[in-house]
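**Q** Here you go, sequence then predicted model.
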Amino acid sequence: MDDCLKRAYDLARAYLDQLPERHVNARGNWTELQRALGGPLPETPQDPVAVIEALAANADAGLVATAGPRYFGFVTGGSVPAAVAADWLVSAWDQNVGLNVMSPAMAAIEDAAAAWLLDLFTLPKGASVGFVTGAHMANVTALAAARHEVLRRAGWDVEARGLQGAPRVHVVASVEAHTSIGAACRMVGLGAETLTRVAADDHGRMRPDNLARALEGCDGPTIVCAQAGNVNTGACDPMGAIADLTHARDGWVHVDGAFGLWAAAATPLRHLVAGVERADSWTTDGHKWLNVPYDSGIVCVAHPAAHRAAMSQTAAYLIRAEGDARDGMDWVPEASRRARAVPIYATLRTLGRSGVEDLVVRCCRLAARAADRLRGAAGVRVLNDVVLNQVLVRFDRAGSNVTDSVIARVQREGVCWVGGTTWKGERAMRVSVSGWRTTEADIDRSVEAMLR
Ligand SMILES: *Cc1c(COP(=O)(O)O)cnc(C)c1O
């Protein structure tokens, strides 16, 4: 064990040391990577240290420096030191967080992290929290809880009887809702194409007047999915108006705040999600803006009974915690599970309230800096109001949109990495600033690369 871990430490150190100056994109081609990493299953045991060395050597050309300071693709934050170190301990401890009896320490850590998250986001103290793999599974979990509760209010036990013969559940979401909302609806049996879609404004925010009209057509159990943080513009739906309209009809408000919910943890940005605490469930990611390693989604539900009813399992051999002590499997779609709340715990403890706010605000300030520098250049247009950490940019030359070729060349050059999207029917570049390592100098270097 000692040799293996020491070798892994050295290899991890070497990778992290090069991260700031590494060519950001992967350099190896797919066929070479398959050849280097694949091949036949070994017939006999191999030396573990040699396996770890070969793993690192053969993966290297296909690694993308997503944790580095100039990766602006999707919404991707690198991991802070305490999060990486805590994640190593999680593997060494190898605890199963399904049941309290299997690891009371991990259950206590989940409880503490849950309380801190609710506090940061100013969500109701009594809300239940589950630690899932990502925002997508958080949406699945929240919609399962929502489905339980709106049908219970209509006199239907969906856990016992499923949706067969159940009253129709109306799910309403904006045309700008993240694709994960439709996918989550599919997984909980509500269907992706039965969603009622509500128009959005120029910034991608749900329009309350259109929501009011859509709700008039919803008789019976209703779930409204709001969004904090549009993946293109960063804009947030009007939470207070959505809560007013939905609750007036006894409906459930779910907020997909995979990255945008972090605005609630930063005083200068809180106004973007004003009223978010009035929703019934919330999704967010740790692995995006909190800068913890992957496999970190968070679901919060204001109705713990519905949350538990939708998720928990019982069997004679599953020894349950006494009283209201936490059994992790009550709040997630899994049974056995890695202690993925530990890096969240270590990160929150390291940053504290002001450190989280600083991380979030700094990313937004750097996004605004990128927008300002790009805006001044010929043939460049910033398409969104940069309210959060997302910037949408369009490049034109000789009267045509050349954004895709700019993106391809930036990716190839390797100074930074940005992705593309389609916004209002036109191709655009997406710049997402979500990592603790990014500095003003990184922004300036990246903008130069784009303009070049
Ligand atoms: C990233 C994202 C998701 C999906 O999150 P995963 O962590 O990839 O599962 C869902 N909704 C929004 C708004 C997102 O930005």
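**A** Sure, I can see it.

**Q** need the longest helix for the protein.
**A** Looking across the chain with DSSP state H, the single longest helix is helix 341-375.

**Q** Can you give me the buried ones in it?
**A** 341-348, 351, 356-357, 359-364, 366-371, 373-374 (16 or more other Cβ atoms under 10 Å). To be clear about C-beta, it is placed using only N, CA and C from the backbone, and glycine gets the same treatment.

**Q** mind checking how far the closest residue to residue 304 other than its chain neighbours is from residue 345?
**A** Nearest non-adjacent residue to residue 304, counting by Cβ to Cβ, 6 or more residues apart in numbering: residue 128, 3.8 Å away. For residue 128, the distance to residue 345 equals 17 Å [Cβ to Cβ, to the nearest Å].

**Q** Could you do residue 50 as well?
**A** In terms of Cβ to Cβ, residue 50 sits 35 Å off from residue 345.

**Q** Contact residues of this structure facing the ligand?
**A** 75, 134-136, 178, 180, 227, 229, 231, 256, 258-259, 285, 297 (Cβ under 6 Å from any ligand atom).

**Q** one more time with 8 Å
**A** 74-75, 133-139, 178-181, 227-231, 256-260, 283, 285, 287-288, 297 (Cβ under 8 Å from any ligand atom).

**Q** Which ones among those map onto helices?
**A** 135, 136, 137, 138, 139, 179, 180, 181.

**Q** Include distance to residue 147 and pLDDT when you put the residues you listed into JSON lines, please.
**A** JSON lines is the format used below for these (distance: Cβ to Cβ, whole Å; pLDDT from 0 to 100):
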{"residue": "135", "distance to residue 147": "18", "pLDDT": "98"}
{"residue": "136", "distance to residue 147": "16", "pLDDT": "98"}
{"residue": "137", "distance to residue 147": "15", "pLDDT": "98"}
{"residue": "138", "distance to residue 147": "15", "pLDDT": "98"}
{"residue": "139", "distance to residue 147": "12", "pLDDT": "98"}
{"residue": "179", "distance to residue 147": "19", "pLDDT": "97"}
{"residue": "180", "distance to residue 147": "16", "pLDDT": "98"}
{"residue": "181", "distance to residue 147": "13", "pLDDT": "98"}
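
**Q** Residue 445: which of those is nearest?
**A** Nearest to residue 445 among these: residue 135, at 30.0 Å, using Cβ to Cβ.

**Q** Tell me, how many residues neighbour that closest one?
**A** Using other Cβ atoms under 10 Å, the number of residues around residue 135 comes to 28.

**Q** so who does it touch?
**A** Neighbour list for residue 135: 178, 180, 256, 258, 283, 284, 285, 288, 297 [criterion: Cβ atoms under 8 Å, 6 or more residues apart in numbering].

**Q** so residue 278 sits right up against residue 245, yeah?
**A** No - Residue 278 is not in contact with residue 245 according to Cβ atoms under 8 Å; the separation is 11.5 Å.

**Q** related to what we said a few turns ago, what packs against the longest helix of the chain?
**A** helix 81-93, helix 104-121, strand 380-382, strand 390-397, strand 426-432, helix 440-451 (3 or more Cβ pairs under 8 Å, 6 or more residues apart in numbering; DSSP states H and E).

**Q** avg pLDDT for the first one?
**A** Across helix 81-93, the average pLDDT comes to 98.

**Q** For that helix, C-alpha coordinates in PDB please.
**A** Presented in PDB, the C-alpha positions along helix 81-93 are these (Å, rounded to 0.1, in the frame of the first residue of the first chain):
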ATOM      1  CA  PRO A  81      -6.300  21.700  -2.100                       C
ATOM      2  CA  ALA A  82      -8.400  20.600   0.900                       C
ATOM      3  CA  ALA A  83     -11.000  19.000  -1.400                       C
ATOM      4  CA  VAL A  84      -8.400  16.900  -3.200                       C
ATOM      5  CA  ALA A  85      -6.700  15.900   0.100                       C
ATOM      6  CA  ALA A  86     -10.100  15.000   1.700                       C
ATOM      7  CA  ASP A  87     -11.000  13.000  -1.400                       C
ATOM      8  CA  TRP A  88      -7.800  10.900  -1.000                       C
ATOM      9  CA  LEU A  89      -8.900  10.200   2.600                       C
ATOM     10  CA  VAL A  90     -12.300   9.100   1.400                       C
ATOM     11  CA  SER A  91     -10.700   6.400  -0.700                       C
ATOM     12  CA  ALA A  92      -8.300   5.400   2.100                       C
ATOM     13  CA  TRP A  93     -11.100   5.100   4.600                       C
END
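
**Q** Which strands or helices does it pack on?
**A** helix 341-375.

**Q** Please find the angle between the direction vectors of the helix it packs on and helix 440-451.
**A** Per axes from the mean of the first three to the mean of the last three Cα atoms, to 10 degrees, the angle that helix 341-375 makes with helix 440-451 is 50 degrees.
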